[in-house]
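Asker: Pasting a predicted model and its sequence here:
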Amino acid sequence: MLFTKPSQRFVLLFFAIAALLVAMWSGLVRSGWAWPTLSPWPMAHGPLMIAGFLGTLIGVERAVALNKSWLYAGPVLSAVGGLYYVVGGSSIVGPLLMTLGSFGLVLVFGVILKRHWADYTIVMALGAAAWFVGTLLWLFGKPIFQIVLWWSAFLVLTIVGERLELGRLVRPSRWRKIAWRAAVGVYLLGMLLTLGWLDAGTRLVSLGMVLMAAWLLRYDISRHTVHKTGLPRFVAVSLLGGYVWLGIGGVIGVFTGAVSAGPIYDAFLHTVFVGFVFAMIFGHAAIIFPAVLQLPVQYSDKFYYPLGLLHFSLILRIAGDLAFLRSLRLWGSLLNAVAILAFLGVMGRTIFFGKKE
């Protein structure tokens with residue numbers, strides 16, 4: 001059976017990492033660094049990051065958990081779509097492959113919901129559906145600034161759903177359930193509103209982000225595991241920092257509404273995509289990669305160095321955006337990429353050499 005072996009899954013992860021590297025390079029070119037590039041790389045930053053990297057990674061993780069070969073069709077399509085862009089493709093082929101890949105994840109969650117219908121699986125399934133809707137709108141010609149919230153909803157709802165799943169361990173009270181359902185409800189209502197009223201929808205989505213961030217900071221189990229040591233503490237620190245960035249992004253969006261480009265647009269998106277999403281990736285990588293590749297990851301205190309750099313560099317970037325200081329934004333964005341590369345290096349060393357840093 002295809003992809004039942006870690007070596008086969010490694011190929012997909014290799015393509016995902018390649019998409020990540022090109023996405024970071026193209027993002028830095030878009031931010032203003034005068035570096036060489038090949039068309040259409042600058043415009044492929046978002047699609048490569050969302051579909052080529054994150055969509056492939058999440059798709060592989062889900063397929064591994066369900067252990068069915070056909071479920072790998074989605075991440076394969078996402079990875080090939082990302083590869084198409086990496087080698088310089090610019091036709092409709094890339095968007096079509098990525099759209100099919102996103103639909104593959106919707107099918108995966110169809111299987112999951114059939115097996116286990118619960119609040120958290122519904123939230124994650126809605127995240128997969130948001131990715132599909134956003135990519136489908138992009139395929140039919142909608143500009144990225146009009147649909148990027150659908151892509152962010154894919155990641156936000158996936159992460160929130162995962163945290164709700166773990167939250168079952170502490171048996172949340174009825175009030176807690178009502179609070180997070182209200183927060184997610186506001187967020188989803190805002191997403192629907194963006195289809196006709198982008199500015200109002202963006203503000204409501206942003207309010208939902210603030211409410212979800214507040215709920216997570218108050219009730220997520222990371223508030224308890226942060227008092228532990230080793231990997232559990234590192235994971236908790238990563239998550240709590242990410243929740244703060246989600247809230248900051250929400251505050252920015254509530255006050256600014258929909259923007260199509262410029263420093264505020266950069267600040268709004270990257271508080272979520274870098275501050276929230278990559279903090280989650282840093283925190284969960286030591287759990288996900290061993291499950292996917294069946295290779296041991298030993299915790300190292302050096303995991304904190306790239307995490308600290310990620311937060312510091314994002315502070316510089318957002319400060320540069322909000323103060324309209326271009327040089328500060330440029331250096332912040334560059335150090336964002338350095339932090340991600342540093343984390344990949346530390347994680348890669350622990351995986352492939354199997355020894356504590």
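Answerer: Done, it's in. Note that the coordinates shown come from a computational prediction; the quantities given were computed from them, not determined experimentally. Numbers count the residues shown, from 1 in each chain.

Asker: After the helix or strand containing Thr135, heading C-terminal, what element do we hit next?
Answerer: Taking DSSP states H and E as the definition, Thr135 sits inside helix 119-139. Under the assignment DSSP H and E, the closest C-terminal helix or strand after helix 119-139 is helix 144-167.

Asker: residues in contact with the helix or strand of the chain with the lowest mean pLDDT?
Answerer: The helix or strand of the chain with the lowest confidence, counting by mean pLDDT, DSSP states H and E, is helix 279-293 at a mean of 79. Helix 279-293 is contacted from outside by 6, 9-10, 13, 57, 60-61, 64-65, 159, 231, 234-239, 241-242, 245, 295-297, 299, 303, 306-307, 310-311, 343, 347, 350-351, using C-beta atoms under 8 Å, 6 or more residues apart in numbering. Backbone N, C-alpha and C define where each C-beta goes, glycine included.

Asker: Out of those, list just those in helices.
Answerer: In helices, judged by DSSP state H, the following of the contacts of helix 279-293 are found: 6, 9-10, 13, 57, 60-61, 64-65, 159, 231, 234-239, 241-242, 245, 306-307, 310-311, 343, 347, 350-351.

Asker: and those residues, which are buried?
Answerer: Among the ones in helices among the contacts of helix 279-293, those scoring as buried are 9, 13, 57, 60-61, 64, 159, 231, 234-239, 241-242, 245, 306-307, 310-311, 343, 347, 350-351 (criterion: 16 or more other C-beta atoms under 10 Å).

Asker: Now do the same for Tyr84: its pLDDT.
Answerer: Note for Tyr84: predicted pLDDT of 82.

Asker: which non-adjacent residue is nearest it?
Answerer: For Tyr84, ignoring the flanking residues on the chain, the nearest one in space by C-beta to C-beta, 6 or more residues apart in numbering is Gly94 at 4.6 Å.

Asker: Mind giving me the packing neighbours of whichever helix or strand the one you found is part of?
Answerer: Taking DSSP H and E as the criterion, the element that holds Gly94 is helix 93-115. Here helix 93-115 touches helix 45-47, helix 56-66, helix 73-86, helix 119-139, going by 3 or more C-beta pairs under 8 Å, 6 or more residues apart in numbering; DSSP states H and E.

Asker: which secondary structure element contains Tyr265?
Answerer: Secondary structure assignment for Tyr265, by DSSP H and E: helix 263-270.

Asker: relative to helix 144-167, how tilted is that helix?
Answerer: If you take axes from the mean of the first three to the mean of the last three C-alpha atoms, to 10 degrees, helix 263-270 sits at 30 degrees to helix 144-167.

Asker: Alpha carbons only: can I get helix 263-270 in CSV?
Answerer: Once non-C-alpha atoms are left out, helix 263-270 reads as follows in CSV (Å, rounded to 0.1, in the frame of the first residue of the first chain):
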residue,chain,number,x,y,z
PRO,A,263,1.7,47.4,6.0
ILE,A,264,-1.6,47.0,7.9
TYR,A,265,-2.5,44.1,5.6
ASP,A,266,0.9,42.6,6.4
ALA,A,267,0.5,43.0,10.1
PHE,A,268,-3.1,41.5,10.2
LEU,A,269,-2.1,38.4,8.2
HIS,A,270,1.2,37.6,9.7
